[in-house]
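Q: coordinates only, sequence not included:
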C-alpha cells in the first residue's frame, strides 16, 4: 500500500486513503508505536472513517477480534500489548455527562485512550493528545489530518 501524505508543519501530517482497508492500515501502522498514556481525539462526520481507523490502531497493538464503535455502550475495552479504551461520545449531550462517565480513568489510565466525537470533550482532554480529523474526499476516499496537540487554552484546536 502506498499512502499519500503531505506534511503541513512539524506537528501535523495529512494522509489520503482510497479505501476502508487503507484507512485501517494507516491506523495499524500508527498503532504499532503506541505507548501507555497516548490519547487520540477523533473528529469527523458520521461515516468518515473514525471507527475504521480505530480498528487499525487496536490491531497495531495486537488486539484480536472485531472492534466496533461503542455507540450504545459508550466505552469498550480491548486487551492487546496495552489496554485500549475506546470511547464513543456521539450519544452524549454535554461535558457534564462525559465527566460523569469517569473519563479521567481512561485518559490517565494504564493504556491507550481513543475517543470518537472528541469535540464534545475538548475541555476534559489532557495537555498532550493526538487530534485526528477525518474528511470525505469521495465515496471511499478520505483525507486524514493527524496533529499533535501539547497545550490547552486559547490555542485549543477546533474541528
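A: Noted; the coordinates are in hand. Keep in mind that this is a model prediction, so the values were computed, not measured.
Q: how far away is the closest residue in space to residue 140 that isn't next to it in sequence from residue 141?
A: Among residues not flanking residue 140 along the chain, residue 19 sits closest, at 5.5 Å (Cβ to Cβ, 6 or more residues apart in numbering). Heads up, the C-betas are built off the backbone N, CA and C, glycines and all. The gap separating residue 19 from residue 141 is 8 Å, by Cβ to Cβ, to the nearest Å.
Q: repeat for residue 113
A: Taken as Cβ to Cβ, the span from residue 113 to residue 141 is 28 Å.
Q: now do residue 123
A: Distance from residue 123 to residue 141, by Cβ to Cβ: 32 Å.
Q: residue 148 too?
A: 24 Å.
Q: the two: which is more packed in?
A: Shown here are residue 148 and residue 141; by other Cβ atoms under 10 Å, residue 141 has more neighbours (15 against 12).
Q: check contacts around the more buried one.
A: 16-19 (Cβ atoms under 8 Å, 6 or more residues apart in numbering).
Q: gap between it and residue 124?
A: 32 Å.
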